[in-house]
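Student: how would this look folded up:
(one chain, ligands or ions: 2)
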Amino acid sequence: MRSMYATVVVSSRQSGIGNGLTYRVGLGQGLGLGQLVKVPLRKRLVEGIVVDVSEEKPEGDYDLREIAEVLGDSPLLSEAQIKVARFIAEYYVCSLRQALSPFLPGMLWGKLLPEKECFVTLASLAPPASALGALAGKQHDTQKKFGKKQQELLDFLQGKEWVKWNNVQRETGVGKAILKKLVEKGVVEIEERASAPAFAVGAIRGSTQLTTGSPPLLPSDVTLTPRQIAAYKAIKADPRPTLLFGITGSGKTEIYAALIRDAISEGKSAILLLPEILLTENFIERFQKLVSSDAIAIVHSRLTPAKRRNEWRRIRAGEIRLVIGSRSALFSPLQNLGLIIVDEEHEWTYKNEQSPRYHATKVAEQLCQAEERRRSPFETALAEPVLSHIEGLRPPQGDTAERLEASPKLVLGSATPSLESWNAAKTGKYQLTELPERFGGAALPTVRIIDLGEVQFGKAYPLSPALLDAVKLRLDRHEQSVLFLNRRGFATNLLCMECRYRFEEPQTKLPYTIHRRGMRPYLLSHHTGEELPLPENCPKCGSKNLRELGAGTQRIELLLQEIFPEARILRADSDTLRSPEEMRSLLQKMKEGKADILLGTQSVVKGLDLPQVTLAAVLLADVGLSLPHFRAGERVFQLLTQLTGRSGRSQPGEVIIQTFRPQTMEITLAASHDVRTYMDRELLERTKAQYPPDTDLIRFVFSGSDAAAKSKAFMNIWEQETRNQKLETWRASRAPSLFGGGKIWHVFLRGKGVREALKRLPEVEATIDVDPVECL
Ligand code: ADP
Ligand code: ZN
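Tutor: Ligands and ions are numbered 1, 2, ... in the order given. Okay, the predicted model is just below:
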């Protein structure tokens, strides 16, 4: 017998062991990848996950300790999940333990093991001789021998195999005392079992017995329009990830429904990711009409740890066929995954801003690839004892070819795709499928651009007379308005009111922001850290008419209330909305017509479906555009396009965009609903300026009072390193973070394949963010 060695990642957060430790596998310790074990660590026993099993002893002749105990009958994680965790650790530069953490919610992994459940069956299926004898001997008074309740239970079990006691109890109403009597008499057998079957093999086919209850699909059906059918068929025919580019209201949800229905009816399971699960209840209702609610799990970060674990176990046990959730739902331990849908794939919430700093789309791609190869014979052999332990779960018959199923399908849906996905579609990495029309031929709202530079404001700034007229019109007609202000209204910059020149950093073309030291304002570049005194004159036309842009929701609410004293105004921003319940009640008020104007920040735009809204307005489109961020334009364009999708959902609507720079392409192209042209041009701009998606970008975040010094030292090392290697196409820049108060500094590394450089740099005391989304 050869010795076996296992690499185990322990759950405790000690430094230096995040990538696992090697242990000897004891004789007779049946062990598979992903299995939970107890291992000795210093003087304690700790929980860990097996991430590798090998026959080769690792290098070095130190004494290896032995795995103390194997916990649970079957692995907590699948081979595919471990593979993806390895990818995350490598790509996003973190330890394997960090990469595994989203797969295993909570620190106490043991709590994820299946809870033992009680199963019962009639002993006559395999009657022990003694029981048979006893039965035969008393054949004549069988009727008398069993009480009424006992007989009911026996009748219920007649002709069935092992049944979950919980279900028996629910259906017959018979109590545990009755069961105990029958067990004592030897006519009923009872067994405690963990209900989680092994991964991937026939789990769904066999699961009906373990999870009695309604079938997962409800009898409702999906009816698609001819256009939708064409898109649906195209998606089904292509194994690549699909970018479903469908304008707002085109019925992407219906296509998701059709795809989910198909996956489930083929015995597979699906994940549906949403950017902000708590704002999308209506949306979720759609899927609750399709899939039985016992087969849906809703997973998001605000679940309590206990609830989270409970959902995890239900998913792992094969009870769940559809997981709907925010980005972390991607890590659900689903059996037989067939489909991943990422709705509103452009949303920034798909990037995790804590370690591991993954992007959900990237991880979803990896998950689909890793699931492609199902099970090696080795794994199947390992899993067998577990399988035969649970009735109805048998390894698939037939040859290996049958086990190699198609990889899960990935579908990314958006009306305004991210530049990353757009680029992938252009290069053929993704399939592109379009839905260019709204359902039922509904018209897109008309968009009016108001040039704020032309408006004579009194104290009503930034509410233009035209906007106020439009709001008044809605008030008179008892219709509703949504007024939208960019959240970061406090990032201000400087604009010439004569020629509309925006003060920007010449090299990066990103705007300077205005900061104050005491009362004295100055301009700061957030990409080079350069500071300039506030100029008196415009460098282009010489005008002295320079203006600082910016405004807050609170001031505007007061202003609106003064102008329209009768109007019922709701304000929705991070100050007024602290919980999802508050958001829900606010939306309820709008739906019930108990408010006239909703004034809010960007959260208002997301997923809003308010039928009585006929006016949607952006108060200062430039505020977003003035952020010193290469994604600022894309962001604004997405918001404007989403906003145009929010108005006039059931009646003709109007959109007003107020701006100081009406000629910027984000504004003109959003106004003409020309998403394609915008994305093509923006992609070109990005490529020219060497920004993602054409170029790789890595952010290093230095924090603390010595952040400036640390980042500077890092820059020096970088410069030396690249000079030695003559890698001029890689660039680095350093600047204070916009909101860090001088205690957070960023270094950005930019260039094709710049990730390679990470391997050559010494360890640095900074947070590393690969493919950053947040850069301010
Ligand atoms: P999107 O997600 O693309 O913005 P939705 O899926 O929300 O669009 O669809 C917009 C509206 O059109 C919804 O009210 C939806 O119920 C309706 N709709 C879309 N497709 C169909 C269809 N095939 N049958 C019935 N209603 C549909
Ligand atoms: Zn000027």
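Student: C-alpha from now on. contacts and neighbour counts both.
Tutor: Noted.
Student: can you pull the contacts of the residue of the stretch 51-200 of the chain found nearest ligand 2?
Tutor: Nearest residue of the stretch 51-200 of the chain to ligand 2 (C-alpha to the ion) works out as Tyr92 at 44.0 Å. The contact partners of Tyr92, taken as C-alpha atoms under 8 Å, 6 or more residues apart in numbering, are Pro356, Arg357, Tyr358, Ile768, Asp769, Val770.
Student: what subset of these is also close to ligand 2?
Tutor: When contact is defined as C-alpha under 5 Å from the ion, the contacts of Tyr92 do not meet ligand 2 at all.
Student: Take the residues you listed and lay them out in a markdown table including secondary structure, distance to Gly147 and pLDDT.
Tutor: Converted to a markdown table, those look like this (DSSP: H, G, I helix; E, B strand; the rest coil; distance: C-alpha to C-alpha, whole Å; pLDDT from 0 to 100):
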| residue | secondary structure | distance to Gly147 | pLDDT |
| --- | --- | --- | --- |
| Pro356 | coil | 60 | 94 |
| Arg357 | coil | 62 | 96 |
| Tyr358 | coil | 61 | 97 |
| Ile768 | strand | 70 | 92 |
| Asp769 | strand | 69 | 94 |
| Val770 | strand | 69 | 93 |
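Student: which two of those residues lie the greatest distance from each other?
Tutor: Using C-alpha to C-alpha, the contacts of Tyr92 reach their maximum pairwise distance at Tyr358 and Ile768, which is 11.3 Å.
Student: where along the stretch 301-450 of the chain do the helices fall?
Tutor: 305-316, 360-372, 377-389, 400-403, 419-426 (DSSP state H, counting those that start in this stretch).
Student: and if you look at the stretch 101-250 of the chain?
Tutor: With helices called from DSSP H, counting those that start in this stretch, the stretch 101-250 of the chain shows them at 129-137, 142-145, 148-157, 165-172, 176-184, 203-206, 226-237.
Student: and those helices, which one's lowest on average pLDDT?
Tutor: For those, the weakest mean pLDDT is recorded on helix 203-206, namely a mean of 34.
Student: Please name the residues that touch the residue in the stretch 401-550 of the chain positioned nearest to ligand 1.
Tutor: With C-alpha to the nearest ligand atom, the shortest gap between the stretch 401-550 of the chain and ligand 1 falls at Phe439, namely 4.9 Å. Phe439 sits next to Gly249, Ser250, Gly251 when contact means C-alpha under 8 Å, 6+ apart.
Student: Nearest residue to the residue in the stretch 201-350 of the chain that ligand 2 sits nearest to in space, please, no chain neighbours.
Tutor: Minimum separation of the stretch 201-350 of the chain from ligand 2 (C-alpha to the ion) falls at Trp348, amounting to 34.3 Å. Distance criterion C-alpha to C-alpha, 6 or more residues apart in numbering; nearest residue to Trp348, sequence neighbours excluded, is Val773 at 6.9 Å.
Student: Ok, Asp694 next?
Tutor: Using C-alpha to C-alpha, 6+ apart and skipping residues adjacent in sequence, the residue nearest Asp694 is Thr687, 5.5 Å away.
Student: how many neighbours does the residue nearest to Asp622 when sequence neighbours are not counted have?
Tutor: Spatially, and ignoring its direct neighbours in sequence, Asp622 is nearest to Thr659 (5.9 Å; C-alpha to C-alpha, 6+ apart). Other residues near Thr659 come to 21 when the count uses other C-alpha atoms under 10 Å.
Student: Where is the longest strand in the chain?
Tutor: Determined from DSSP state E, the single longest strand within the chain is strand 44-54.
Student: Let me know whether Leu599 touches Ala567 as I believe.
Tutor: No - between Leu599 and Ala567 there is no contact under C-alpha atoms under 8 Å: 11.9 Å.
Student: So for the two, which residue has more residues nearby?
Tutor: Leu599 (23 against 16).
Student: Could you check how far that one is from ligand 1?
Tutor: Between Leu599 and ligand 1 the computed distance is 22 Å (C-alpha to the nearest ligand atom, to the nearest Å).
Student: List the beta-bridge partners for that residue.
Tutor: Listed by DSSP bridges, the beta-bridge partners for Leu599 are Leu483, Arg571.
Student: ok, so what distance separates it from Val618?
Tutor: In this view, Leu599 and Val618 are 10 Å apart by C-alpha to C-alpha, to the nearest Å.
Student: so what sits against both of these two?
Tutor: Taking C-alpha under 8 Å, 6+ apart as the criterion, Leu599 and Val618 both touch Leu483, Phe484, Leu485.
Student: and this structure, which residues reach ligand 1?
Tutor: Selection of the chain residues close to ligand 1 by C-alpha under 6 Å from any ligand atom yields 223-225, 246-254, 439.
Student: Report the buried members of the residues you listed.
Tutor: Taking 16 or more other C-alpha atoms under 10 Å as the criterion, what is buried in those is Leu224, Gly246, Ile247, Thr248, Gly249, Ser250, Gly251, Lys252, Thr253, Glu254, Phe439.
Student: wait, doesn't the fourth one sit right on Arg438?
Tutor: Yes - the pair Thr248 / Arg438 is scored as a contact, 6.9 Å apart, by C-alpha under 8 Å.
Student: and Val84, that one's in a strand?
Tutor: No - per DSSP: H, G, I helix; E, B strand; the rest coil, Val84 lies outside any strand segment and is helix.
Student: Mind pulling up the pLDDT for it?
Tutor: Model confidence at Val84, expressed as pLDDT, equals 97.
Student: show me the contacts for it.
Tutor: Listed by C-alpha under 8 Å, 6+ apart, the contact partners of Val84 are Val363, Gln366, Leu367, Ala370.
Student: Measure how far stretch 116-123 is from the centre of its chain, please.
Tutor: Stretch 116-123 sits 39 Å away from the centroid of its parent chain (C-alpha atoms, centre = their mean, to the nearest Å).
Student: Keeping just the C-alphas, turn it into CSV.
Tutor: Taking Å, rounded to 0.1, in the frame of the first residue of the first chain, the C-alpha atoms of stretch 116-123 are listed here in CSV:
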residue,chain,number,x,y,z
LYS,A,116,-28.2,13.9,10.0
GLU,A,117,-31.7,13.0,9.2
CYS,A,118,-33.8,10.1,10.1
PHE,A,119,-35.0,7.7,7.4
VAL,A,120,-37.5,4.9,7.9
THR,A,121,-38.6,1.9,5.9
LEU,A,122,-40.6,-1.4,6.5
ALA,A,123,-38.4,-4.1,7.8
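Student: buried stuff in it?
Tutor: For stretch 116-123, burial by neighbour count (16+ other C-alpha under 10 Å) applies to Cys118, Phe119, Val120, Thr121, Leu122, Ala123.
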